[in-house]
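> No letters, just coordinates:
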């Protein structure tokens, strides 16, 4: 899982839940003439908009309670946040109650967190979708920047895999593994091994040579 994936999982879930809330809200709103029909009077129209806002928030909270959308629990399972939904789950042999239902206090505590989540869903799907777009843009921008910095043939230090080329299959997954050499104990014994010096030389050519070789220069001085 890359660095952005947990955030993406969270925002995707919140976007989907917000869309569902909006669909339910619109369906219920159409059944209420006072909310469905706009008023020509400015004061009455403002009052209608306030009622719609309050009604939407109420539906968001009720929906979050219904599906047990607990943002705090979701944050602890960003690898699969959708697995936290539901007060009960079918495991193949029957329904299994959620762990928060083991006692009344824990259930009330979870319900309070669901209410907070409902308020967050009330921000609307557009808000969460825009946040998702920002994260996707940031991830793609970072990938593009990495492609510019790591061109074909540039060594990439991969822990346990030696030095690989950015154009090789090992580096074709858009994932860069960053490694480090501890050369504070770099001495004449290690320097006598050609293979060690070859690796250090190849890394030094592509990374900050001053920083990398600092300790070695100080040692020999």
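Received it, and whenever you're ready, just let me know what you need. In this text, all values refer to a predicted model and were calculated from it rather than measured experimentally.
> Not counting sequence-adjacent ones, nearest residue to residue 57?
Nearest residue to residue 57 in three dimensions, chain neighbours excluded: residue 122, at 4.7 Å (CB to CB, 6 or more residues apart in numbering). Where you see a C-beta, it was placed from the backbone N, CA and C, and this is true even at glycine.
> actually residue 65, not the one I typed
Nearest to residue 65 is residue 114, by CB to CB, 6+ apart, at 4.9 Å.
> circling back: surely the residue nearest to residue 57 is in contact with residue 54?
No - Residue 122 is beyond contact range of residue 54, at 10.0 Å (criterion: CB atoms under 8 Å).
> Between those two, which is the more surrounded one?
Between residue 122 and residue 54, counting by other CB atoms under 10 Å, residue 122 is the more crowded of the two (21 against 10).
> pLDDT at residue 219, what is it?
Listed pLDDT for residue 219 reads 43.
> cool, and residue 80?
Model confidence at residue 80 (pLDDT) stands at 90.
> Then residue 150?
pLDDT, residue 150: 60.
> what do you get for the one 3 residues further on?
Residue 153 is assigned a pLDDT of 51 by the prediction.
> Which parts of the protein belong to which domain?
Domain assignment for the chain, taken from automatic domain parsing, gives 5-144, 151-220.
> Mean pLDDT lowest where, among those?
domain 151-220 (a mean of 56).
> and among the domains of the chain, the most buried is which?
Of all those, domain 5-144 has the most neighbours on average by mean count of other CB atoms under 10 Å, namely a mean of 15.
> Quickly find the element holding the residue nearest to residue 78 when sequence neighbours are not counted.
Leaving out its chain neighbours, the residue that sits closest to residue 78 by CB to CB, 6+ apart is residue 6, at 3.5 Å. Using DSSP states H and E, residue 6 maps to helix 5-29.
> Residue 89 too?
Using DSSP H and E, residue 89 falls in strand 88-90.
> where exactly do the helices run in this protein?
Counting by DSSP state H, the chain has helices at residues 5-29, 33-36, 42-67, 71-75, 104-121, 125-149, 188-191, 194-206, 209-220.
> Could you list the residues in contact with the second one?
To tie it back to what came earlier, the one meant is helix 33-36. 29-30, 48, 51-52, 55 (CB atoms under 8 Å, 6 or more residues apart in numbering).
> Adding distance to residue 96, write the residues you listed out as a markdown table.
Formatted as a markdown table, the contacts of helix 33-36 follow (distance: CB to CB, whole Å):
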| residue | distance to residue 96 |
| --- | --- |
| 29 | 36 |
| 30 | 37 |
| 48 | 44 |
| 51 | 40 |
| 52 | 38 |
| 55 | 34 |
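> ok, so of the residues you listed, who is nearest residue 104?
Using CB to CB, residue 55 is the member of the contacts of helix 33-36 that sits closest to residue 104, with 29.7 Å.
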